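**Student:** okay, here's the prediction I keep looking at, along with the sequence it came from:
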Amino acid sequence: MPSGAGFAGGEGDGDGLGEAVELAGEACWGFAEGREAEDFAAAGLANEAFDGLGQGGAGDFRGDEQFAAIDGGGLGGIEGENERAVRRNVGSGMQQALSYPLKYGYSAVGEVCALGAGAHTSWLGRRVFAFHPHQDLFNVPLAELMPVPEDISTEDAVFLPNMETAVNLVMDGAPLIGEKIAVFGQGIVGLLTSALLVRFPLGGILAFDRFELRRQAAVRLGGVSCIDPARAGWLNEARAFLNAQNDEDGVDLGFEISGAPGALDQLLKLTAFGGRMIVGSWYGSKPVNLDLGGRFHRSRIRLASSQVSSIAPAYSGRWDRARRFATAWDMLRQVRPSGWITQRVALQQAAQAYRLLDEAPGETLQVVLTYA
């Protein structure tokens with residue numbers, strides 16, 4: 001397995017590096033409290049707060065954070081059973097309520113700046129990734145760290161969680177040679193998914209997004225055409241591109257990852273007889289209305305959910321999260337998504353970053369917080 005492929009404390013790690021460390025330098029994490037930790041509760045905006053950073057326990061690392069990616073999907077709240085499900089799949093840093101603006105950034109990259117009891121000194125200064133809230137210095141258990149491979153930049157590394165999601169989506173979709181594919185949503189997960197799909201020998205990829213900046217990014221991947229799904233006549237335009245002969249013709253496989261409930265029905269209209277629909281969107285409490293009338297009843301279209309917290313049963317005998325992370329690192333090497341970073345915002349200006357995502361989403365692809 002390549003270096004940095006899985007969690008540092010994962011099964012079969014075998015590197016003999018001990019049990020504990022602390023982080024510092026480019027990007028870092030800790031437990032619930034930390035220096036320059038963000039308090040997102042005040043007035044619904046990111047607002048800087050200063051907390052004391054504890055010493056950490058045995059088996060902990062202290063990290064100094066350099067970059068952390070902001071998830072625009074955090075605009076949707078998470079409640080009840082959904083919140084409990086999320087908490088089962090995140091690290092020790094998730095302590096706050098899951099509502100926007102969300103402190104839990106889950107995409108932090110930095111350097112180990114201090115070691116807990118029993119940690120091997122080779123961890124000191126090591127560049128690592130952690131799922132942790134936005135803050136510049138924090139303690140984190142060794143088992144929750146992943147070393148960043150030397151040939152991957154810090155800015156590319158912050159895309160790891162979204163790349164893992166894209167890998168999971170493509171695995172769940174299982175595209176076949178010559179198939180026609182639709183991808184609704186060209187935010188970061190959508191762009192990464194399209195970037196993986198262009199590496200397959202497909203019959204065509206048609207992407208959809210209402211924002212021009214995202215459509216341009218998708219087209220620059222090569223092999224992707226893009227349509228504004230809010231434009232009148234979008235369906236006729238899509239059918240013409242696909243050379244669809246009748247209502248039963250369309251895409252063989254479609255991904256809905258826009259987060260817009262109406263997009264799922266649009267994909268349904270575009271999916272061919274016997275086609276597959278993979279739903280990776282998080283809709284929260286927003287209702288989703290689908291036209292399941294006569295066409296769908298006869299269509300044998302299959303609809304499946306895709307979420308990165310688990311591995312599909314069809315693969316779980318051969319794949320685990322370490323293997324999927326290794327694949328995600330490899331895909332980061334190929335795609336180099338740091339070119340999609342449109343804004344770099346200092347942690348002290350986090351409110352500005354969240355305001356931009358809320359009020360002008362069409363002006364951003366990926367916003368990252370910096371900790372210089």
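**Tutor:** Received the coordinates, thanks.

**Student:** any regions of the stretch 101-250 of the chain where pLDDT drops low?
**Tutor:** By pLDDT under 70, the low-scoring segments of the stretch 101-250 of the chain are 101-106.

**Student:** in space, what's closest to residue 251 - neighbours in sequence excluded?
**Tutor:** Closest residue in space to residue 251, ignoring its immediate chain neighbours: residue 182 at 4.3 Å, by CB to CB, 6 or more residues apart in numbering. Placement of C-beta: from N, CA and C, glycine included.

**Student:** contacts only, for that neighbour.
**Tutor:** Shown in contact with residue 182 (CB atoms under 8 Å, 6 or more residues apart in numbering): 205-208, 238, 251, 253-255, 267, 270-271.

**Student:** quick check: bridge partners of it?
**Tutor:** In this entry, residue 182 is beta-bridged to residue 206, residue 254, by DSSP bridges.

**Student:** now do the strands in the stretch 101-250 of the chain.
**Tutor:** 108-115, 127-130, 137-141, 145-147, 180-184, 204-208, 224-227 (DSSP state E, counting those that start in this stretch).

**Student:** redo these as a markdown table? Include distance to residue 282.
**Tutor:** Output for these, formatted as a markdown table (distance: least, CB to CB, whole Å):
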| stretch | distance to residue 282 |
| --- | --- |
| strand 108-115 | 21 |
| strand 127-130 | 22 |
| strand 137-141 | 25 |
| strand 145-147 | 24 |
| strand 180-184 | 14 |
| strand 204-208 | 18 |
| strand 224-227 | 22 |
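
**Student:** residue 284 is nearest to which of those strands?
**Tutor:** With CB to CB, the closest approach to residue 284 among the strands of the stretch 101-250 of the chain belongs to strand 180-184: 17.1 Å.

**Student:** next, the angle from that closest one to strand 204-208.
**Tutor:** 20 degrees (axes from the mean of the first three to the mean of the last three CA atoms, to 10 degrees).

**Student:** just the pLDDT for residue 343.
**Tutor:** Confidence at residue 343, expressed as pLDDT, is 91.

**Student:** chain center to the helix or strand hosting it, what's the gap?
**Tutor:** Using DSSP states H and E, residue 343 sits in strand 341-346. The chain centroid and the centroid of strand 341-346 are separated by 17 Å, computed with CA atoms, centre = their mean, to the nearest Å.
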